[in-house]
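Participant: following is a predicted model, sequence given first.
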Amino acid sequence: MSRPFLSIIIPCYNEATRLPLTLIDVDRHLSQQDFVSEIVVVVSQGHDHTPEILKRFQAIIKNLRVINLSENLGRGYAVKTGMLAARGSWRLVMDADNSTTLVECAKMLPYVTDKSTGCEIAIGSRFLEGSQIDPPAGARRRFSEKIGRIFVRIFLLKNISDTGCGFKLFSGTSAEQIFKLCTTNSWATDTEALVIADRLGYKIKEVPVFWAYDPGTHRSSQSFFTGLSEYSKIWLNVITKRYKKSV
């Protein structure tokens with residue numbers, strides 16, 4: 001099989017209800033494209049029937065690869081596993097709830113495939129002009145995310161408005177360098193990957209996307225405090241110059 005042009009990485013944990021519709025939508029969109037693609041679903045061990053459902057889908061979606069993890073180490077760990085296992089020249093991570101659909105990737109590809117831009121990473125943003133959120137998250141989540149964004153912009157990445165949107169596109173080369181250096185396994189891995197990219201000199205393009213909040217999210221209120229703790233560790237890694245490209 002020739003190397004895929006695009007790999008779709010979907011981390012999931014107890015997603016038996018939401019994942020099937022997402023896979024159908026992703027497969028429908030990819031089937032309309034003229035490039036080779038693959039879907040890589042990384043399953044953190046849970047307590048529902050996600051693995052069994054994926055076995056059925058593998059008989060239907062021929063370019064579907066499933067990686068079953070032996071335990072649940074966090075969304076970030078699943079993202080790292082998928083990014084490093086993927087074979088695509090370009091690798092897109094997206095959420096299992098399809099909060100930002102694959103259609104939005106068409107907005108990103110022109111920025112990274114045009115060599116004159118020098119851009120190898122494009123990320124979805126919920127907070128740029130042109131972004132759309134419908135329906136929005138609850139007030140408590142909006143408040144906690146705002147505090148997190150303030151911390152990130154002060155201490156880590158002052159030129160990016162939204163590091164937490166789970167819709168990010170990396171070149172294969174950048175993904176293999178960046179995700180090997182990630183030290184977190186939580187939701188903060190999204191931010192850490194961008195911090196590492198910035199430290200390694202990669203150009204990051206932020207693109208406005210449509211995002212829909214799903215009240216069934218696995219992100220708990222406790223994740224706010226975990227995130228701030230992880231952001232602090234990332235900041236310390238920056239200060240101690242831990243993020244260095246391996247030779």
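Facilitator: Structure's in. What do you need?
Participant: how deep is the residue nearest to Lys203 when sequence neighbours are not counted tucked in, by neighbour count?
Facilitator: Leaving out its chain neighbours, the residue that sits closest to Lys203 by C-beta to C-beta, 6 or more residues apart in numbering is Cys119, at 4.6 Å. C-beta coordinates here come from the backbone N, C-alpha and C atoms, glycine included. The local packing of Cys119 (other C-beta atoms under 10 Å) involves 19 other residues.
Participant: separation between Cys119 and Ile10?
Facilitator: For Cys119, the distance to Ile10 equals 24 Å [C-beta to C-beta, to the nearest Å].
Participant: count of residues packed around Thr240?
Facilitator: Neighbours of Thr240 (other C-beta under 10 Å): 8.
Participant: can you pull the pLDDT of it?
Facilitator: Predicted confidence (pLDDT) for Thr240: 93.
Participant: roughly how far does it sit from Glu15?
Facilitator: 36 Å.
Participant: likewise for Leu102?
Facilitator: 16 Å.
Participant: which one of those two is surrounded by more residues?
Facilitator: Glu15 (25 against 22).
Participant: quick one: residues contacting that one.
Facilitator: With contact set as C-beta atoms under 8 Å, 6 or more residues apart in numbering, Glu15 has these partners: 48, 50, 96-97.
Participant: that one: what secondary structure?
Facilitator: coil (DSSP: H, G, I helix; E, B strand; the rest coil).
Participant: now the strands for this protein?
Facilitator: For the chain, applying DSSP state E gives strands covering 6-12, 37-43, 64-68, 90-93, 119-125, 132-133, 168-171, 203-208, 210-211.
Participant: where in this protein is pLDDT low?
Facilitator: 1, 216-225, 246-247 (pLDDT under 70).
Participant: 80 instead, please
Facilitator: 1, 215-227, 245-247 (pLDDT under 80).
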